[in-house]
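Student: for reference, the sequence and a predicted model appear below.
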Amino acid sequence: MASKFLALACIRNDSYGGDLSPRPHYPSMPKYPKGVSGQETNAAAESSKAKAVFSVVGMTCSACAGSVEKAVKRLPGIHEAVVDVLNNKAQVLFYPSFVNEERIRETIEDVGFQATLIEDETSEKSTQICRIHINGMTCTSCSSTVEKALQAIQGVQRAQVALATEEAQVQYDPNIVSYNQLQEVIEDTGFEAILISTGEDMSKIDLQVDGIRTDHSMRMIGNSLRALPGVQDIDMDPGVGKISLSYKSERTGPRNFIRVIESTGSGRFKARIFPEGGGGRASIKQEEINQYYRSFLWSLIFTIPVFLTSMVFMYIPGIKHGLDTKVVNMLTIGEIIRWVLSTPVQFIIGRRFYTGSYKALRHGSANMDVLIALGTNAAYFYSVYSVLRAATSPHFEGTDFFETSSMLISFILLGKYLEILAKGKTSEAIAKLMDLAPETATLLTLDDEGNVVSEEEVDSRLIQKNDVIKIIPGAKVASDGYVLWGQSHVNESMITGESRPVAKRKGDAVIGGTLNENGVLHIKATRVGSESALSQIVRLVESAQMAKAPVQKLADRISKFFVPLVIILSLSTWFAWFLAGKFHGYPESWIPSSMDSFQLALQFGISVMVIACPCALGLATPTAVMVGTGVGASQGVLIKGGQALESAHKVNCIVFDKTGTLTVGKPVVVNTRLLKNMVLRDFYELVAATEANSEHPLAKAVVEYAKKFREDEENPIWPEAQDFVSITGHGVKAIVQNKEVIVGNKSLMLDHNIDIPIDAEEMLTETEGMAQTGILVSIDGKLTGVLAISDPLKPGAREVISILKSMDVRSILVTGDNWGTARSIANEVGIETVIAEAKPEQKAEKVKDLQACMQTVVFYIQSFNFCLDLYSLFLLQASGYIVAMVGDGINDSPALVVADVGMAIGAGTDIAIEAADIVLMKSNLEDVITAIDLSRKTFTRIRLNYIWALGYNLLGIPIAAGALFPSIRFRLPPWIAGAAMAASSVSVVCCSLLLKNYKRPKKLNNLQIRGIVIE
């Protein structure tokens, strides 16, 4: 939840709020002016976040640290707060626009501790998020062990380990701990750790260098590369001629590296992109699949003869006689063959279970490997005892269970192979997204006048910032950027889900991975590599698949005692059957002819141990979340993890913002009425000069309308506005041409003692009745004109509200606009509850007071700087409502807080991506319904998974223990129990995979709602 406060980085002190342009802005694609980069915008957003370190004296335990952290986090504008009780320090990330160091220090002292700001430890470097692939985890016990080990490291603020993706995501302070230390800790717990990303703001690339013969050559190349500006880190592997570079993409790029390498050493070195398959996640996963496949095949080679000699050939007279031939005393040829063949399966092919058990037990936990190792060892070593006893005794006639241990291992390996194959399919959405990027691109060289001098086909990974790229019809756009030349239509459905091609002309933004349908485009690359929209969407979906749903805690709690409980049950089963046989508690006819009572008891005990499956429980939630988020991404609905899914499926009340959400968000002036004798051109000259300093969409609409009176000028220059003042939520005022001009709402005029004539009042009432916004203009203290501004409803808005009502979801409209306009819009779309004229004053204090005494209802508001009536909305939650807030992706609220679910419609900015729980890539209201319906379907699948996983264990364990044996003589052999255990995990994953067939509600098929474009 703390990440949502990133949205506060986009604060503007204007009259109405932020830019609510309805033009689809894609994640990580800034709104560039023609020919201008968006770096300044990003720099401003980043620079608004500050870090402070405090020395806190008097803390004695974690409860003290918790009380300090809780108090600080209640302050408005806090992004993150971490308290270290061991070093008596508190580190706070905050937004200076809302809170300062002194306020934070006073808050800590109010809790009862002495606090001092440590100036020299305040660092610009924020926390980083490191992602590590972990090999060897088999169940939730494994993932919990790794998670606990990471969370115990000083400097680690949060650690998440996902069993389904086999990844760890660690939020840490690089000033305290390094990612290398994180890897070491994971490997100390007994698992292989492979670094995916360090979380630093860097791009990475691997290069293959040919011609290197000595270490001196490698050092010479390394020194040349380190001299380049922007190169952060170099890792060299002379054995394969591989150089891995981390660099700042705004300062350098891969073509510069290749140029430097090939110019070093008199041109004897050649460099290229390192071939794929060396260390990517796909290759790691494929190697794991191959390992299990090879292990299973080898186990089959040994297990099939063991199975045949023990269960098939014993019924064929000739072969049976040969196998029963005595070698030494009672030792037969068949027993020797089974012993020899099962030993490699037990100790070589099954070695992974021994190592997994050792690593788990060494750290005080028990996982599925422990159960498998105990079960197979019990069968194997009893069989060894039986064979040795037969070899040394002339009268002993025993039965071996070599087929039990070898078949158990074979079936479990088959189950793990099928499980990994199925798990790979759950993340196909990410693979498809990554495959969208084209393999090659046409790079243009331009002269000083902008004419094309040459063109060259290059690997798309070699594209650098500010390169000019040619996109021909039918080709994919190779990089994020904007159009320098040409006109075309681009199909962006693969990124946004929007099926209708979008017109592109000079100055328009384009996204890498989208398809150019007609016309040739020349684009200038602005974001490449890890900065691109495609890369950020992939990271968003990956993070969503990492995040645990709260319901996952059930599996985590069960996993803590599951394996020990199963071991106890297994031993109890064996002991109970053994005692019953020893003291003739059941008829001897129950005992199979090939066994005695001890062996029968042993079979029951082993069956109980191997049928229990903690894996199915551990996979129930994450696999469904993975598939659900992947399906959502393919439909333009980015759901940020299990928490968002769990909250969204419970939503029964949605609060809609008006401008840009229910309406198009592109307001236009539709009527002007002057109350004084004045030339309309001169009137708009003054109004436009005043409003030109505001970023609010209503102000932009006025300025745009004023340009019509200056048709002879493409970019008119308005008179200078002096003493400009923005009155938040009311309007603006300034001195233009020695005249005091005030533009705003009715309350602003009354605050300045400006009389409002009756005809102006009537026009305002008429305007509001038509769902338009009325703006008053005063010049030198006299009301001079009234403007009517209209923002049309999005098509299908009424139908969407109606469908939500049929889904038992209540809709509420909230706006900073006047009551008349708000009611008109609400009536038009069918919303009954309206909150209008909401103000920003004292909002932060209200939220703080509510947080102190209850679970506060707070909302992600993207459109206006205003305060909801939080007390009214609290009553909603107190009445049992789970509330979602839907806005257009811009957040200017001075006291931003979080709803149960925040939805950013239109995905306006990078800030919206960070702040919202769910990002709707298209500007379509129908995706609100898709998001809720998909979350409900996903959660239904999670429930089914849990029912199956829990039901399987609750039914399977008693049956394996022999619950049915006294009544119907049904006994579950250990090898069948092992096969059932393996099948349970596969069935859970396959159940989750059925979500891939998700279809949005049929009611939406009748709606033709598409992205709104206003030229």
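Tutor: In hand now; what should we look at?

Student: any idea of the pLDDT on residue 931?
Tutor: Looking at residue 931, its pLDDT is 90.

Student: what helix or strand is it on?
Tutor: In the assignment (DSSP states H and E), residue 931 maps to helix 926-960.

Student: next: residue 290.
Tutor: Following DSSP H and E, one finds residue 290 within helix 281-307.

Student: next one: that helix to chain centre, how far?
Tutor: Centroid separation for helix 281-307 versus its chain: 32 Å, with Cα atoms, centre = their mean, to the nearest Å.

Student: show the average pLDDT along that helix.
Tutor: Confidence over helix 281-307 (mean pLDDT, whole number) is 86.

Student: in it, what's buried?
Tutor: 281, 284-285, 288-289, 291-292, 295-296, 298-300, 302-303, 305-307 (16 or more other Cβ atoms under 10 Å). The way it works is simple: take the backbone N, C-alpha and C, and place the C-beta from them, glycine included.

Student: residues in contact with the helix or strand just after the helix holding residue 931?
Tutor: The C-terminal neighbour of helix 926-960 among helices and strands, as given by DSSP H and E, is helix 965-968. Here helix 965-968 makes contact (Cβ atoms under 8 Å, 6 or more residues apart in numbering) with 586, 590, 604, 971.

Student: the same query, at a cut-off of 7 Å, please.
Tutor: Under the contact criterion Cβ atoms under 7 Å, 6 or more residues apart in numbering, helix 965-968 has outside partners 586, 971.

Student: so what secondary structure elements neighbour the helix or strand following that helix?
Tutor: As assigned by DSSP H and E, the chain's next helix or strand after helix 965-968 is helix 974-993. When contacts are defined as 3 or more Cβ pairs under 7 Å, 6 or more residues apart in numbering; DSSP states H and E, helix 974-993 sits against helix 402-426, helix 597-611, helix 614-634, helix 926-960.

Student: need those in TSV (columns: mean neighbour count and distance to residue 577).
Tutor: Below are the helices and strands packed on helix 974-993 laid out as TSV (neighbours: other Cβ atoms under 10 Å; distance: least, Cβ to Cβ, whole Å):
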stretch	mean neighbour count	distance to residue 577
helix 402-426	25	16
helix 597-611	26	4
helix 614-634	29	24
helix 926-960	21	12
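
Student: looking at these, which is nearest to residue 560?
Tutor: helix 614-634 (10.3 Å; Cβ to Cβ).

Student: quick one: list the elements packing against the following helix or strand past that closest one.
Tutor: On the C-terminal side of helix 614-634, the nearest following helix or strand under DSSP H and E is strand 637-639. Helices and strands touching strand 637-639, by 3+ Cβ pairs under 7 Å, 6+ apart, are helix 533-546, helix 614-634, strand 918-920, helix 926-960.

Student: looking at the ones you listed, which one has the lowest mean pLDDT?
Tutor: Comparing mean pLDDT across these, the weakest is helix 533-546, with a mean of 72.

Student: quick one: it to chain centroid distance?
Tutor: In terms of Cα atoms, centre = their mean, the centre of helix 533-546 is set 5 Å apart from its chain centre.

Student: do stretch 253-262 as well
Tutor: On Cα atoms, centre = their mean, the centre of stretch 253-262 falls 34 Å from the chain's centre.

Student: same question for stretch 95-103.
Tutor: 29 Å.

Student: distance between the ends of that stretch?
Tutor: 12 Å (Cα to Cα, to the nearest Å).

Student: next, the buried residues of it.
Tutor: Neighbour-count burial for stretch 95-103 [16+ other Cβ under 10 Å]: 95, 97, 98, 99, 101.

Student: helix, strand or coil for the third one?
Tutor: Three-state assignment for residue 98 (DSSP: H, G, I helix; E, B strand; the rest coil): coil.

Student: does it touch residue 77 like I think?
Tutor: Yes - assessed by Cβ atoms under 7 Å, residue 98 is found in contact with residue 77 at 2.8 Å.

Student: just checking, what packs against the helix holding residue 931?
Tutor: Where contact means 3+ Cβ pairs under 7 Å, 6+ apart, helix 926-960 is packed against helix 597-611, helix 614-634, strand 637-639, helix 642-648, helix 797-806, strand 918-920, helix 974-993.

Student: and the last one with helix 281-307, angle?
Tutor: In this structure, helix 974-993 runs at an angle of 150 degrees to helix 281-307, with axes from the mean of the first three to the mean of the last three Cα atoms, to 10 degrees as the basis.

Student: and for the fifth one?
Tutor: Between the axis of helix 797-806 and that of helix 281-307 there is an angle of 40 degrees, by the same axes, to 10 degrees.

Student: tell me which residues of helix 797-806 come out buried.
Tutor: 797, 798, 799, 800, 801, 803, 804.

Student: for that helix, give the mean pLDDT please.
Tutor: For helix 797-806, the mean per-residue pLDDT is 88.

Student: so what touches it?
Tutor: Here helix 797-806 makes contact (Cβ under 7 Å, 6+ apart) with 654, 662, 811, 828-831, 925-926, 928-929, 1003, 1007.

Student: tell me where the model's unsure across the stretch 151-300 of the chain.
Tutor: Counting by pLDDT under 70, the stretch 151-300 of the chain has low-confidence residues at 199-202, 276-284.

Student: now do the helices in it.
Tutor: Assigned by DSSP state H, counting those that start in this stretch, the stretch 151-300 of the chain shows helices spanning 179-188, 215-226, 254-263, 281-307.

Student: and the angle for the longest one with helix 402-426?
Tutor: Direction vectors for helix 281-307 and helix 402-426, defined by the same axes, to 10 degrees, enclose an angle of 160 degrees.

Student: mind giving me the packing neighbours of helix 281-307?
Tutor: By 3+ Cβ pairs under 7 Å, 6+ apart, helix 281-307 packs against strand 128-135, helix 333-344, helix 402-426.

Student: would you double-check that residue 525 falls in a helix?
Tutor: No - Residue 525: not assigned to a helix; according to three-state DSSP it is strand.

Student: how about the helices and strands packed on helix 281-307, which one is nearest residue 66?
Tutor: When the helices and strands packed on helix 281-307 are compared (using Cβ to Cβ), the closest one is strand 128-135, at 23.0 Å.

Student: that closest one pairs with which strands, parallel or anti?
Tutor: Here strand 128-135 is paired, per DSSP bridges, with strand 167-172 (antiparallel), strand 192-197 (antiparallel).

Student: most widely separated two among the buried residues of stretch 95-103?
Tutor: 97 and 101 (13.6 Å).

Student: picking up where we left off before, want to throw the helices and strands packed on helix 926-960 into a markdown table with distance to residue 318?
Tutor: Shown next, in a markdown table, are the helices and strands packed on helix 926-960 (distance: least, Cβ to Cβ, whole Å):
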| stretch | distance to residue 318 |
| --- | --- |
| helix 597-611 | 27 |
| helix 614-634 | 44 |
| strand 637-639 | 65 |
| helix 642-648 | 61 |
| helix 797-806 | 74 |
| strand 918-920 | 70 |
| helix 974-993 | 26 |
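
Student: out of these, flag the one nearest residue 193.
Tutor: helix 614-634 (19.3 Å).

Student: and the angle for the closest one with helix 533-546?
Tutor: Counting by the same axes, to 10 degrees, helix 614-634 points 150 degrees away from the direction of helix 533-546.

Student: render the CA-only coordinates of helix 614-634 in CSV, please.
Tutor: The C-alpha coordinates for helix 614-634 follow below in CSV (Å, rounded to 0.1, in the frame of the first residue of the first chain):
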residue,chain,number,x,y,z
PRO,A,614,1.9,-29.8,0.9
CYS,A,615,2.7,-28.7,-2.7
ALA,A,616,-0.9,-28.6,-3.8
LEU,A,617,-1.8,-26.2,-0.9
GLY,A,618,1.2,-24.0,-1.7
LEU,A,619,0.3,-23.7,-5.4
ALA,A,620,-3.5,-23.2,-4.9
THR,A,621,-3.3,-19.4,-4.7
PRO,A,622,-0.1,-18.3,-6.6
THR,A,623,-0.9,-20.3,-9.8
ALA,A,624,-4.4,-18.8,-10.0
VAL,A,625,-3.0,-15.3,-9.4
MET,A,626,-0.4,-15.8,-12.1
VAL,A,627,-3.0,-16.9,-14.7
GLY,A,628,-5.5,-14.3,-13.6
THR,A,629,-3.1,-11.4,-13.9
GLY,A,630,-1.7,-12.7,-17.2
VAL,A,631,-5.3,-13.0,-18.6
GLY,A,632,-6.0,-9.5,-17.3
ALA,A,633,-2.9,-8.1,-19.0
SER,A,634,-3.9,-9.6,-22.3
